[in-house]
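Student: Structure, please.
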Amino acid sequence: MSNQKMPVLEKIGFGAGDMALNVVISSMMLMITFFYTDVYGLATTDLALLFVLVKIIGAASDLVMGQITDRVMTRWGRYRPWLLFLAVPYGLSVFLVFSTPDWGYSAKLIWAYSTYIIMTLMTSGVGVSYISLPSTLSNDPQQVLSANGYRLFLAKVGAFMVTVVVPLLSERWGGGNAAVGYQAAMGVMAAMGVVLFLFCFFTTRERVVHKVQRQPLTEQIKVLAQNDQWLILCGVCVVGTIGYVVRGSVAIYYAKYYLGANTETVSAFLSTGVAAAILSMVASTWITKFYCKVKLFRWTQIAVGVISVAMYFLVKPGDVALAFALYFLLSFVVDLHAPVFWSAIAETIDYGTLKTGKRVSGFAFGGISVCQKAGMGIAGALVGLLLTYFEYHPNQEQTAFAMHGIVLMLTLIPGFFHTVMGLLMFKYRINDKYYGEVKEQMGAKAHVAV
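Tutor: Residues are numbered from 1 along each chain as shown. Sure thing, here's the model as predicted:
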């Protein structure tokens, strides 16, 4: 099997897809909770049920989409066509979520459920297709890892734009009406997402065509249940996503209320975390050239737990400079693992194919997306319940009890989940050397079959 090198333009185009996807992911992690409580006007008690229900629907739609991509093959490939067909519906759904109708509370609650569910379905369509795409871009794991480096770098650029553009434009374009401002700002982000998905479609190519066996859903579940390394990634994905979303959801509350920041400083605080993550993508690609990627994954996530403890004890109300410094450090370290995780999914599929003799691809990628949705749902519900428990009230001075809850949700609580994430990776054994052996054995079997 010959290596297949990807041009730089294709890697950039591939990364543009995740940049488009991050219009939703970053908004959901950094903006949606604050938007629903402080702008849209939902009660914190309603958020928990909303997030759980939407993510259950999203998990089901991810599984369905995984089955569809296994069964549908077009002249453009198996995964790329969905980026073309669903780009515009995806962008429109994002715009609708951040639109606030001037209705009564019950009607607004129905609108929130409906638009969030529609956006979740559209995100499943483009998301499952996109995260499955790397397995078809090249048969060279280093090329795939490099492409994932571009992908995650550009994803963070997209997140950076969301953290800068949305808070500032929502204030400037709203004319004192935050609802109008958020709708306009997210309209810009949604349009950008459409253009980026189309760019991804036109610049990428599916070179590797895997033969996908038609298997009943129950059979695919049985095959994946035998793939111990894929199951480890599932667990890692769930706990890691909980940590990410809990911390990301309250970062804007932390900056506004605990640090006493104005709109510009809030935007700068969020952007600091994303800027650190961008640098982390570059650093991770460089570090993994000479240091074991699995060890990097393990120890960085444990280090996040340590940094979170330090931030909890050292930063006092109004300590803006120290909070910025530690948040930058935390955000840099936490994302060093990201390129490793997303390239590892394809590796576990090959591992499972060799172990069981059956290849499950679409459902495997869809299953990881389900785990991500599960983590987001649990985290969303947890944030809603904790905000209620700590007696948070929007747009007013917070009590010491509420402030303490916000601090916990930015530091110790997500730090715990990231530490568990790192400990789980001690069970993961597919490093570069091991994966090379897997590829050799797969090549030998294919040669014998021919």
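
Student: can you tell me which residues contact residue 29?
Tutor: When the contact criterion is CB atoms under 8 Å, 6 or more residues apart in numbering, the partners of residue 29 are 244-245, 248-249. Just so you know, the C-beta spots here come from the backbone N, C-alpha and C atoms, and that holds for glycine as well.

Student: Secondary structure and distance to residue 186 for those - can I get that in a markdown table?
Tutor: Putting these into a markdown table (DSSP: H, G, I helix; E, B strand; the rest coil; distance: CB to CB, whole Å) gives the following:
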| residue | secondary structure | distance to residue 186 |
| --- | --- | --- |
| 244 | helix | 21 |
| 245 | helix | 19 |
| 248 | helix | 17 |
| 249 | helix | 17 |
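
Student: want to try a markdown table for the residues you listed, with neighbour count and pLDDT as columns?
Tutor: Output for the contacts of residue 29, formatted as a markdown table (neighbours: other CB atoms under 10 Å; pLDDT from 0 to 100):
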| residue | neighbour count | pLDDT |
| --- | --- | --- |
| 244 | 22 | 92 |
| 245 | 28 | 91 |
| 248 | 26 | 91 |
| 249 | 29 | 91 |
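
Student: who does the helix or strand where residue 96 lies touch, helix- and strand-wise?
Tutor: Counting by DSSP states H and E, the element that carries residue 96 is helix 87-97. Helix 87-97 sits against helix 8-26, helix 105-132, helix 178-203, with contacts defined as 3 or more CB pairs under 8 Å, 6 or more residues apart in numbering; DSSP states H and E.

Student: so where's the protein shaky on pLDDT?
Tutor: By pLDDT under 70, the weakly predicted segments of the chain are 1-3, 210-217, 361-362, 439, 442-450.

Student: chain center to the top helix by length along it, what's the gap?
Tutor: Counting by DSSP state H, the longest helix found in the chain is helix 141-174. For helix 141-174, the separation from the chain centroid amounts to 11 Å (computed by CA atoms, centre = their mean, to the nearest Å).

Student: Flag every buried residue along that helix.
Tutor: Within helix 141-174, the residues that qualify as buried are 141, 143-171, 173-174, counting by 16 or more other CB atoms under 10 Å.

Student: tell me the secondary structure for the nearest residue to residue 141 once chain neighbours are set aside?
Tutor: Of all residues not flanking residue 141 in the chain, residue 435 sits nearest, at 6.2 Å (CB to CB, 6 or more residues apart in numbering). With DSSP: H, G, I helix; E, B strand; the rest coil as the basis, residue 435 sits in helix.

Student: Kindly report the same for residue 4.
Tutor: Secondary structure assignment for residue 4 (three-state DSSP): coil.

Student: For it, grab the count of nearby residues.
Tutor: Residue 4 is flanked by 14 other residues according to other CB atoms under 10 Å.

Student: Just list the residues touching it, thanks.
Tutor: Contacts of residue 4 by CB under 8 Å, 6+ apart are 137-140, 143, 207-208.

Student: so how far is residue 417 from it?
Tutor: Applying CB to CB, to the nearest Å, the value for residue 4 to residue 417 is 37 Å.

Student: ok, now residue 69?
Tutor: 30 Å.

Student: Could you measure from residue 169 over to residue 184?
Tutor: Counting by CB to CB, the gap from residue 169 to residue 184 is 7 Å.

Student: now do residue 57
Tutor: Per CB to CB, residue 57 is found 28 Å from residue 184.

Student: got TSV for the contacts of residue 4, with distance to residue 40 and secondary structure too?
Tutor: As requested, the contacts of residue 4 are exported to TSV (distance: CB to CB, whole Å; DSSP: H, G, I helix; E, B strand; the rest coil):
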residue	distance to residue 40	secondary structure
137	39	helix
138	43	coil
139	47	coil
140	47	coil
143	43	helix
207	45	coil
208	44	coil
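
Student: of those residues, buried ones?
Tutor: Buried residues within the contacts of residue 4, counting neighbours by 16+ other CB under 10 Å: 137-140, 143, 208.

Student: CA-only coordinates of stretch 66-82 in CSV, if you can.
Tutor: Extracted in CSV, the C-alpha atoms of stretch 66-82 (Å, rounded to 0.1, in the frame of the first residue of the first chain):
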residue,chain,number,x,y,z
GLY,A,66,-23.5,6.9,10.4
GLN,A,67,-25.7,4.2,8.9
ILE,A,68,-26.5,6.4,5.9
THR,A,69,-22.9,7.2,5.1
ASP,A,70,-22.1,3.4,5.2
ARG,A,71,-24.8,2.8,2.6
VAL,A,72,-24.6,5.7,0.3
MET,A,73,-21.7,6.1,-2.2
THR,A,74,-21.7,8.8,-4.8
ARG,A,75,-19.3,10.0,-7.5
TRP,A,76,-18.0,12.6,-5.0
GLY,A,77,-17.3,9.9,-2.4
ARG,A,78,-19.1,8.7,0.7
TYR,A,79,-18.8,11.7,3.1
ARG,A,80,-18.0,14.9,1.1
PRO,A,81,-21.5,15.2,-0.6
TRP,A,82,-23.2,15.8,2.7
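
Student: How about it, which residues are buried there?
Tutor: Result for stretch 66-82 [16+ other CB under 10 Å]: buried residues 66-70, 77-82.

Student: and the two most separated of these?
Tutor: 67 and 80 (17.8 Å; CB to CB).

Student: returning to that earlier point: what comes into contact with the helix holding residue 96?
Tutor: Residues contacting helix 87-97 (CB under 8 Å, 6+ apart): 20, 23-24, 27, 32, 115-116, 118-119, 121-123, 125-126, 183, 186-187, 189-191, 193-194, 197-198, 201.

Student: Does the nearest residue to residue 255 once chain neighbours are set aside lie in a helix or a strand, and which?
Tutor: In this structure, residue 255 finds its nearest non-sequential neighbour in residue 269, 4.0 Å apart by CB to CB, 6+ apart. Remark: residue 269 resides in helix 263-287, with elements defined by DSSP H and E.

Student: That helix - contacts with which helices or strands?
Tutor: helix 141-174, helix 228-253, helix 320-334, helix 338-356.

Student: rerun at 10 Å
Tutor: Secondary-structure packing of helix 263-287 (3 or more CB pairs under 10 Å, 6 or more residues apart in numbering; DSSP states H and E): helix 8-26, helix 141-174, helix 228-253, helix 293-314, helix 320-334, helix 338-356.

Student: of those, which approaches residue 133 most closely?
Tutor: helix 8-26 (7.0 Å).

Student: Report the distance from that closest one to the chain centre.
Tutor: 12 Å.

Student: Over to stretch 28-39?
Tutor: The chain centre lies 16 Å from the centre of stretch 28-39; the measure is CA atoms, centre = their mean.

Student: With stretch 336-346 instead?
Tutor: So, by CA atoms, centre = their mean, the centroid of stretch 336-346 is 12 Å from its chain's centroid.

Student: change the start of the numbering to 52 and stick with it
Tutor: Let's use 52 as the start, then, which means that last one is stretch 387-397.

Student: Pull that stretch out as PDB, backbone CA atoms only.
Tutor: These are the backbone C-alpha positions of stretch 387-397, laid out as PDB (Å, rounded to 0.1, in the frame of the first residue of the first chain):
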ATOM      1  CA  LEU A 387      -2.400  19.400  23.400                       C
ATOM      2  CA  HIS A 388      -4.100  16.000  23.200                       C
ATOM      3  CA  ALA A 389      -6.700  17.000  20.500                       C
ATOM      4  CA  PRO A 390      -4.900  16.100  17.300                       C
ATOM      5  CA  VAL A 391      -4.000  12.700  18.900                       C
ATOM      6  CA  PHE A 392      -7.600  11.900  19.800                       C
ATOM      7  CA  TRP A 393      -9.100  12.600  16.400                       C
ATOM      8  CA  SER A 394      -6.500  10.700  14.500                       C
ATOM      9  CA  ALA A 395      -6.800   7.800  17.000                       C
ATOM     10  CA  ILE A 396     -10.400   7.100  16.000                       C
ATOM     11  CA  ALA A 397      -9.400   5.800  12.500                       C
END
